[in-house]
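Chemist: Provided below for reference: sequence and predicted model.
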Amino acid sequence: MIYGYCRISTHKQNIERQIRNILSHHPTATIVKETYTGTKFQGRKELDSLLRKVKANDTIIFDSVSRMSRDADEGFELYERLFHERINLVFLKEPHINTETYKKAMTNQISLTGEKVDFILEGINRYLMELAKEQIRIAFDQAEKEVMDLRQRTKEGMETARLSGKQIGRKAGTTYSTKKSETAKQMILKKSKDFGGTYTDKDLIKVIGTARNSYYKYKKELLEQHR
């Protein structure tokens, strides 16, 4: 069976775009629609029902990785579980992390020779698998960052509306945090090895998409706050 999972987060969004995208690539897909607002895949009734229904060799198509999960850790956990259950996952906007791509990374590994050089080849194989896993995790992390960006924009918009007509400029002595800096700091606190996460500075800069100097500035501020 081929399923197309579509989800919208608010009543203002239109789910038809996701449906059209999925059916244009997979016309025979059975569409499953979700209009529940939430951030955890456990709380999505239609997705939970679909996950209980799918069997080995079935396929679930998502318009993007953010439709599967907007939390990076939970999304990666779900991805790996479904992969080992032999459920095919397709992401139209991130085809590089489709399970078919992951399978090729596993099956196209360098063949061992039975010689001493196998120690080197085994190391290369492990590296290729870790690289594939890292690409999947980064995709979910970037999706989570987009959600955090949206929340921050909404927060700033509400604050702007509240202050509109009441005050021009900032009061003396007040500080101002931009959407970009707040999102970056939240990601650093959650993902950086210096705060109990798993990401190196180099990889986290890639996920956040910020300048190197800005990244280290934000990190320094956080380290000072958490002394």
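Modeler: That came through, no problem. Quantities reported herein were computed from a predicted structural model and do not represent experimental measurements. Residues are numbered from 1 along each chain as shown.

Chemist: what about Lys185, helix or strand, and which?
Modeler: Element membership for Lys185 (DSSP states H and E) is helix 179-191.

Chemist: Return the list of helices and strands in contact with that helix.
Modeler: helix 118-163, helix 201-208, helix 212-225 (3 or more CB pairs under 8 Å, 6 or more residues apart in numbering; DSSP states H and E). From N, CA and C alone the C-beta is placed, and that goes for glycine too.

Chemist: If you compare the directions of the second one and helix 179-191, what angle comes out?
Modeler: Interaxial angle of helix 201-208 relative to helix 179-191 (axes from the mean of the first three to the mean of the last three CA atoms, to 10 degrees): 130 degrees.

Chemist: Can you give the contact residues for helix 201-208?
Modeler: Residues from elsewhere that reach helix 201-208 (CB atoms under 8 Å, 6 or more residues apart in numbering): 134, 138, 141-142, 145, 183-184, 187-188, 191-192, 199, 212, 215-216, 219.

Chemist: repeat that for 7 Å
Modeler: Ile138, Asp141, Gln142, Lys145, Ala184, Met187, Ile188, Lys191, Ser192, Tyr199, Arg212, Tyr215 (CB atoms under 7 Å, 6 or more residues apart in numbering).

Chemist: Could you tell me the least trusted of the helices and strands packed on helix 179-191?
Modeler: Among the helices and strands packed on helix 179-191, helix 118-163 carries the lowest mean pLDDT, at a mean of 64.
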